[in-house]
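# turn this into a model:
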Amino acid sequence: MRRLKIATFNINNVNKRLPNLLAWLAATVPDVVCLQELKTTREAFPIDAIQAAGYGAVWRGQKTWNGVAILARGAEPVLVRDSLPGDPDDDQSRYIEAAIGGILIASIYLPNGNPQPGPKFTYKLDWFDRLVDHAAGLLYDNVPAVLAGDFNVVPTDFDIYSLRSFADDALVQPEPRAVFAQLIDMGWTDAIRTLHPDDPMFTFWSYLRNRWPRDAGLRLDHLLLSPAIAPRLQAAGVDREVRGEPDASDHAPAWIELRAR
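Next up, the predicted model:
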């Protein structure tokens, strides 16, 4: 029985890393890909190259920073929304949602929040609270949904190589960790951790301080499954080798496989 493979990849500049992205797509053939940190305008998104690779796409760009997209192999994603509800004045490109094959897919780029405390950390927490509200609505409606992306949260101490260098970082503070835990308590399944309880499963290694060769990583990229779809979870992983390629993003793709309906 064929499985549905859904991946999330903070590409850290989609045009600069386009050769890396296309090579990974060809090697792993995911059915759905959520991208973050496009770092490009809508007009400059490389849709022609992505379509040539066999994928349809919806995306929302932003000059210099942010930007999110959803790719679907051999299909056109049906755009549902391109912003997170709850704040009509928020113009940052951090959330996009599309329907693909009967599943609602969200690509998420949660605010980093540094430096903290301060306005950026407050924005992170406010944004996260809005995500919880929206996620609660999806659960109430029993939607088969996947919330995938760079959550910029290290859920527990097990998800980071060492807290010593990150003690004051927004990624590990109790407040965003508590909100992530709230999502799990609501009924969302942390797919990677569920199938890999004993392996850190890092998805991010900073360019600084030789952290990739030292495997000094963090788990920032998550795929959360609603109860309507979680029983279909079959496999999950991280394509670590992608991080070691020339001109690589500082993130590696994380992915899941779902049993076909």
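
# would you map the helices across the stretch 1-150 of the chain?
18-28, 47-52, 119-140 (DSSP state H, counting those that start in this stretch).

# how many neighbours does the closest residue in space to Gln62 that isn't next to it in sequence have?
In this structure, Gln62 finds its nearest non-sequential neighbour in Ser93, 3.8 Å apart by C-beta to C-beta, 6 or more residues apart in numbering. Every residue, glycine included, has its C-beta placed from N, CA and C. Neighbours of Ser93 under the rule other C-beta atoms under 10 Å: 24.

# grab the nearest non-local neighbour of the residue most central in space within the chain.
In the chain, the residue lying closest to the centroid (C-alpha atoms, centre = their mean) is Gly149, at 0.9 Å. Distances taken as C-beta to C-beta, 6+ apart put Ile108 closest to Gly149, at 3.3 Å, once the chain neighbours are dropped.

# got it, and Arg73?
Asp31 (5.0 Å).

# who's in contact with that neighbour?
For Asp31, the contact set (C-beta atoms under 8 Å, 6 or more residues apart in numbering) comprises 4-6, 72-73, 100-101.

# do you know the pLDDT at the nearest residue to Leu225 once chain neighbours are set aside?
Take Leu225 and drop its neighbours on the chain: the residue closest to it by C-beta to C-beta, 6+ apart is Thr189, 4.3 Å away. Among the per-residue scores, Thr189 holds a pLDDT of 98.

# is it true that Thr189 touches His222?
No - taking C-beta atoms under 8 Å as the definition, Thr189 is not a contact partner of His222, at 10.4 Å.

# the two: which has the busier surroundings?
Set Thr189 next to His222 and count neighbours by other C-beta under 10 Å: His222 wins out with 26 against 21.

# wait, a strand at that one?
Yes - assigned with DSSP: H, G, I helix; E, B strand; the rest coil, His222 falls within a strand.

# distance of it from Ala69?
Taking C-beta to C-beta, to the nearest Å as the criterion, His222 is separated from Ala69 by 17 Å.

# next one: Leu183
In terms of C-beta to C-beta, Leu183 sits 22 Å off from Ala69.

# please apply the same query to Asp168.
32 Å.

# any idea how many residues pack against the residue lying closest to Arg94 once chain neighbours are set aside?
Take Arg94 and drop its neighbours on the chain: the residue closest to it by C-beta to C-beta, 6+ apart is Tyr109, 4.5 Å away. Number of residues near Tyr109 (other C-beta under 10 Å) recorded here: 26.

# report how many residues lie close to the closest residue to Gly244 other than its chain neighbours.
Spatially, and ignoring its direct neighbours in sequence, Gly244 is nearest to Trp212 (6.7 Å; C-beta to C-beta, 6+ apart). When neighbours are counted by other C-beta under 10 Å, Trp212 registers 20.

# SS state for Trp212?
Trp212 is classified as coil under three-state DSSP.

# for it, what are its contacts?
So Trp212 contacts 205, 243-244 (C-beta under 8 Å, 6+ apart).

# and the contacts of stretch 106-126?
Contacts of stretch 106-126 (C-beta under 8 Å, 6+ apart): 8, 10, 34-37, 66-70, 87, 92-97, 127-128, 131, 145-153, 168-171, 173, 175-176, 179.
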